[in-house]
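# following is a predicted model, sequence given first.
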Protein chains: 2
Amino acid sequence: FLLAVEKDRRKSLYAVQTERQEQARRSVLISCPARTNEKKFLKYLSRHGDIKNYFFYESYGVYAVVEFANQESVASLLEGTDVPSISHESMVPFKSRLLSLKNLGSVDSPKQQLGKQCQSQTTPPINELIQRLSKEESIDQQVTSLTEAYQLTEENSRLRFLVCSLLSDIAAAYFPESIIKPFGSSVNGFGKLGCDLDMFLDLDGITGKRANMPQSDLSLEYQMKRANSERAVTQSILSVIGECVDQFGPGCVGVQKILNARCPLVRFAHQPSGFQCDLTANNRVAMKSTELLYLYGELDPRVRCLVFTVRCWARAHGITSSIPGAWITNFSLTIMVLFFLQKRSPPIIPTLNHLRDLAGPADQSVIEGNDCTFVSDFSKIQLQNNTETLEQLLREFFDFYATFAFSKMSINIRKGKEQNKPEVAMLHIQNPFETSLNVSKNVNASQLERFVALCQESSWLFQQSETNTPRGGKGGNTSTPWGLAAILLPSQVSGVKSRKR
Amino acid sequence: FLLAVEKDRRKSLYAVQTERQEQARRSVLISCPARTNEKKFLKYLSRHGDIKNYFFYESYGVYAVVEFANQESVASLLEGTDVPSISHESMVPFKSRLLSLKNLGSVDSPKQQLGKQCQSQTTPPINELIQRLSKEESIDQQVTSLTEAYQLTEENSRLRFLVCSLLSDIAAAYFPESIIKPFGSSVNGFGKLGCDLDMFLDLDGITGKRANMPQSDLSLEYQMKRANSERAVTQSILSVIGECVDQFGPGCVGVQKILNARCPLVRFAHQPSGFQCDLTANNRVAMKSTELLYLYGELDPRVRCLVFTVRCWARAHGITSSIPGAWITNFSLTIMVLFFLQKRSPPIIPTLNHLRDLAGPADQSVIEGNDCTFVSDFSKIQLQNNTETLEQLLREFFDFYATFAFSKMSINIRKGKEQNKPEVAMLHIQNPFETSLNVSKNVNASQLERFVALCQESSWLFQQSETNTPRGGKGGNTSTPWGLAAILLPSQVSGVKSRKR
Ligand SMILES: Nc1nc2c(ncn2[C@@H]2O[C@H](COP(=O)(O)OP(=O)(O)OP(=O)(O)O)[C@@H](O)[C@H]2O)c(=O)[nH]1
Ligand SMILES: Nc1nc2c(ncn2[C@@H]2O[C@H](COP(=O)(O)OP(=O)(O)OP(=O)(O)O)[C@@H](O)[C@H]2O)c(=O)[nH]1
Ligand SMILES: [Mg+2]
Ligand SMILES: [Mg+2]
C-alpha cells in the first residue's frame, strides 16, 4: 500500500496544487446509471480523445471522474452533449462539466456492470475501525492502519480539486483571471475522508494593462464599482457567486450566504461529490497556515500519523464536532500535536521561527501586516535524530496534555515553547501568523476539562497491561479491543462521557 | 434633417436589431474628462484599429460612444486598459466595456475641448416645446416638428443597444448563447428621448449537441438544476443577474428585483446612459408586439407622427405617467391610435388579421398557444389611398374618442372594428396576441373620464378660429400658442385639471 501523498513527497504544496488544478481542468464528472458497461462507456468517451485516468465512486448514485489527456477533449465532449429535454420539467440552462450518461441500449449482463470498482469516499464507522485495529499486532501498526483508513485517497483528492474546478468556472464567468483553490484539511495532508471542502476565491490574478503600447498622456481604466472596504468587496462577490450556486449550480443544495461572519463565506452541499463546501474569498493567511501544516506533515511520517490518531480519538469522544461551538477545533488540535512534537527531545519538527530563518528571498510573504514567511525548500530543513516510536509518542502526547499548565501557559509553535498567556482565555493557542490572535478563544472551561480528563484516562489506560497487549487473532471474527482500539471506546470517566458518537 | 429611421426604411425590425447588436458589440462606452481633446482622444484610440463611428454626450459627465470597425479592436483596447489603483478605495474587479479616460497631460486650450458636440439625450421641456411649435406655420408642421424633437436620435438608439450589449456580457458569462435584446418603445419606432429601456434576455439560443458523432447507445446530457415551472427558471436567472448588476455593475444603481410580478423583472438605473432599465426574460410575446408596432409605424409616416403627438398630449395633461397606476399606458394609447387609423375610410393601416393572412411560412409563430403570426415582408402589404393630412387626423382622433362608446365596446386592432365588450372593464382594449386579455384593465372610471373630457376639450379647441390660426412670428421671441401648441397648454376644463406637469 502506497500512501497517497508519498508519490508527491517533497513537492511543495504550491506545486501539488498547480498539478492537481491542471488535472481537474481536463476532467469531467459524469453521473452513470448503475448498469453502465465500463468498456462501452470508455469507448464512447474516447471519441473525444485519450483518457488519462478515470474512476467510479458512489454518492447518491454512481459517478465517474474522467480525466482526459488534453483540454480540447473536454471541449469536444461538451460540444457533443445534449441539453436535457424532459417534457413537463423546466430547468436552468446552465452548462457545466457535470454531466449525466444516458443508456438507450439493452441492459448489460450483471457481470459487465459497475459496482465493485466503486471506491468508498467515506471513513469506516468507528465500530468497524475499532474491530480492524484490534486485529493489528502492535500499537505502531494500529496508528498506521488508522491513518491509512482515514486519510484522503488519490481519488478523493482528485474529486476535491474537480469540485473546486467546477466552482472556478462559475467565478471565472465574471472574473476570468480568478481561480478557486482548496485549502485546509483537503490539502494540508491531515484531511480524513469526508472532511469538508474549504475553498477560497483567489482574485490576485486580476490586473490590467498587459499590452505594450507607445506612451501617451491619455490612458484608460476600467470603471469599477466602489465599495467601502475590502470586506465589502468580498461580501459582494460572494453574494453573487452564492446566488449563482444556489440558483444554477446542479447538485448544489442548502446554499447559505454567511456574509457577516468574521470571514464571510458561502456554505453549501455538493451532492454529486458528497462534500460539504465552504467558499471564502481572498483568504490568503489561511492558505499560508495550510502550507505550513502541509510542510510539517511532509517532514516526518510520524507527524501525520499522530495528527490522524489524535483527531480520530478526539472525534470518537466528542471533543471535536462537525458543528461549531465551544469545543476544540481540528485546527487547534493539530497545532497542539505539532507543539508537542516540537517539545520532544530531540525535537521531531522545527519551530516556525526556525523555518522563517531558513526562508529564501522568494519565500518572503507579508499579508495584511502579518509576517507569513517560512522556508519552502524541504532540502534546507535539517531534522534531528529522534527515533521514538508512534506508540511512545501517542502515550507521551496524552501525558503531556494531561499535565499541561493550561491555566498559565500559551501554546506557541512559532517559538516551540510555552509562553505566559497574554490574555484571559481557557485555552490559549497562538495563531501562527496573526500572532496577536488566539486560535482557540472559543473553547470554554468544561470543554477544556473534558479534553484534559480524557488525556488522563487514555494515558492511564495505556499503562494497564490488559490495554497494552495485543489480543486480536488474525483469523478470528471478533477481537477484544486493545491498544489504540481501547482508547477509542466510550470513556468510563464520570463526567467525560461522550456527548455524541 | 433626416429622420433616423428613414435610413433603415423597409428593413424588418429583426434586421435592424441584428445590425445594431453587431454594432454595439464593436463599441465601448468611455467616461471622459470635460477637458478632453477630441483629436488626441481619437488618435489614442485608433492605435487599436479603425474607428467607424463615435459621438459624445452628457449625462452626469461627458461620455463617448466609440464604435470600432472590428471586434478585435475592442479586445485590444481592453488589453491595454488599467485596473484603477486608487489607494484607500476598494473596488469590485469586474471588467466591462465601460471605461474611464484619464488625462495625465497638460490641460488643453478651451477651443480644443468638448462640450458643443454633446448632443442632448432628453426631450426639450414642455414649455420650450410649446414655444417652438407656436412658431410653426401649420398644424402639419407642428406635428412633424414635435415628432422630430421627441423621437429617438441615431445616437440615442446606438446608446440603447450598447447598454443592452454591456448587460448581455453579464448574462453571457453564464449563458454564452443568450442575448439581451431591447423591446418596447426603444425599438418600436414610438420611443421618445428619455423613455425607459425595456430589455429581455433571450435564452432560445441555448441548445445542445452540435458535434456530429457516430451513433451510440450512450449519450451525454448536461446535468441542470430543475425548477417547478418556466416562471421559476426565469425568476432564478433574473435573481442572479440582478444580484450581479447590483453588486458588480459599474454605474448601475437602485437595483430592484421584482420577481413576483406577473412578468418578473429586474429594474435599475444605468447612470452613464441615464436610462431607466427594465430587464425581463423570455418575454417573446412582448417582442412580437414590438415588431407589430414597428411594422405599423413603418407603413405610413403619419402613424408615428400621430402616435408621438397623442402620447405627448397625454403626458402634458397627466393622462399617462411614468409611474404605474390606474391610468392609461403609452402602449394602450398607441393601440388606440392604431385602431383609429384602421377606422379611417379608406383605412390608413390594415387590420392585424389582414397582416396575418399575408404571412408567409417563415412568419408562422405560435407562442405559448397564442397565434403571433403576421407578415414581415413590407412589399406584400398594399395600402389604400388615404390622403388625409396630419391636422385632419389629429382633429378626427379627438372627435373619435370624445364620442367612442367605451361603455359597450372593445377596441380591437385584430379586426379593426369595435367589438362588444367580453367582460366588465372601464376601458377594454384587446391584447393583440393574447386575445383573451385586456391591455387596459388597470384603467379606472375617473382616468377614462379625464381622457374623454380632454379629447372633447381638444376637439372643441381645434374648432375655435383663434386656436386654428398661426400666430407665431418666425422672427419674434415669443409667440402666442396656437394649434397643437394650444392643446398642450394646461386644460381649462373643470375636473380635468392636469394632476401633474
Ligand atoms: N487563523 C486561523 N485559521 C483557522 C482557524 N480555523 C480554521 N482556520 C484555517 O482554515 C482552515 C479550514 O478550517 P477548518 O475547515 O475549520 O479546519 P480544517 O483544517 O480544514 O479541518 P477539518 O475541516 O475539521 O477537517 C484551517 O486549515 C486553517 O488554515 C482559526 O481559528 N484561526
Ligand atoms: N401584452 C401586453 N404587453 C404590454 C403591456 N404593457 C406593455 N407591454 C409590452 O411591453 C413593452 C414595454 O412596455 P412599456 O415600457 O410599458 O411601454 P413602451 O411601449 O416601452 O412605452 P414607454 O412608455 O415609452 O416605455 C410594450 O411595448 C409592449 O410590447 C400590456 O399591458 N400587455
Ligand atoms: Mg476543513
Ligand atoms: Mg418602455
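Sure thing, it's come through. Ligands and ions are numbered 1, 2, ... in the order given.
# ok, the nearest residue to A:Ser236 once chain neighbours are set aside - how many residues close by?
Leaving aside its sequence neighbours, A:Ser236 sits nearest to B:Gln247 (Cβ to Cβ, 6 or more residues apart in numbering or on different chains; 3.9 Å). The C-beta positions use only the backbone N, C-alpha and C, and glycine is treated the same way. Using other Cβ atoms under 10 Å in any protein chain shown, B:Gln247 is surrounded by 24 other residues.
# now name the helix or strand holding B:Gln247.
helix B:230-248 (DSSP states H and E).
# tell me what angle that helix forms with helix A:230-248.
Counting by axes from the mean of the first three to the mean of the last three Cα atoms, to 10 degrees, helix B:230-248 points 170 degrees away from the direction of helix A:230-248.
# residue ranges with poor pLDDT in chain A?
Confidence mapping of chain A against pLDDT under 70 gives the ranges A:1-9, A:86-88, A:106-117, A:207-214, A:472-478, A:492-501.
# does A:Pro350 really touch A:Leu338, like I thought?
No: in this structure A:Pro350 lies outside contact range of A:Leu338 using Cβ atoms under 8 Å: 10.4 Å.
# neighbour count winner among the two?
Higher neighbour count among A:Pro350 and A:Leu338: A:Leu338, with 25 against 22, using other Cβ under 10 Å.
# which non-adjacent residue is nearest whatever residue of the stretch 351-500 of chain A ends up closest to chain B?
Chain B sits closest to A:Glu368 of the stretch 351-500 of chain A, with a gap of 13.4 Å, by Cβ to the nearest Cβ. Leaving aside its chain neighbours, A:Glu368 sits nearest to A:Val285 (7.1 Å; criterion: Cβ to Cβ, 6+ apart).
# residues touching that neighbour, list them.
A:367-368, A:370, A:372, A:433-434 (Cβ atoms under 8 Å, 6 or more residues apart in numbering or on different chains).
# could you pull out the helices for the stretch 251-400 of chain A?
A:284-299, A:301-316, A:330-342, A:352-357, A:390-402 (DSSP state H, counting those that start in this stretch).
# what of the stretch 51-200 of chain A?
Going by DSSP H, counting those that start in this stretch, the stretch 51-200 of chain A shows helices at A:71-79, A:126-134, A:139-150, A:154-174.
# return the set of buried residues in the third one.
Along helix A:139-150, these residues count as buried under the neighbour rule (16 or more other Cβ atoms under 10 Å in any protein chain shown): A:139-147, A:149-150.
# who touches stretch A:481-491?
By Cβ under 8 Å, 6+ apart, stretch A:481-491 touches A:126, A:129-131, A:133-134, A:136, A:138-139, A:142-143, A:146, A:309, A:312-313, A:316-317, A:391, A:394, A:454, A:457-458, A:461-462, A:466-472, A:497-498, A:501.
# and the residues you listed, which of them are buried?
A:129-131, A:133-134, A:136, A:139, A:142-143, A:146, A:309, A:312-313, A:316-317, A:391, A:394, A:454, A:457-458, A:461-462, A:467-468, A:470-472.
# filtering the contacts of stretch A:481-491 by proximity to ligand 4, which remain?
On the criterion Cβ under 5 Å from the ion, none of the entries of the contacts of stretch A:481-491 sits beside ligand 4.
# can I take it that A:Trp460 is in a helix?
Yes: under DSSP: H, G, I helix; E, B strand; the rest coil, A:Trp460 sits within a helix.
# give me the neighbour count for it.
A:Trp460: 16 neighbours (other Cβ under 10 Å).
# for it, give me its contacts.
Counting by Cβ under 8 Å, 6+ apart, A:Trp460 touches no other residue.
# ok, now the one 10 residues further on?
In this structure, A:Pro470 makes contact with A:136-138, A:482-483, judged by Cβ under 8 Å, 6+ apart.
# next, it: secondary structure please.
Taken by three-state DSSP, the conformation at A:Pro470 corresponds to coil.
# what's the spacing between it and ligand 2?
81 Å (Cβ to the nearest ligand atom, to the nearest Å).
# and what of A:Ser376?
On the measure of Cβ to the nearest ligand atom, A:Ser376 and ligand 2 end up 60 Å apart.
# that residue: neighbour count?
19.
# how close does it sit to ligand 4?
60 Å (Cβ to the ion, to the nearest Å).
# show me what contacts the residue nearest the centre of chain A?
Centroid-nearest residue in chain A, with Cα atoms, centre = their mean: A:Ser186, separated by 1.8 Å. By Cβ under 8 Å, 6+ apart, A:Ser186 lies in contact with A:152, A:157, A:160, A:195-198.
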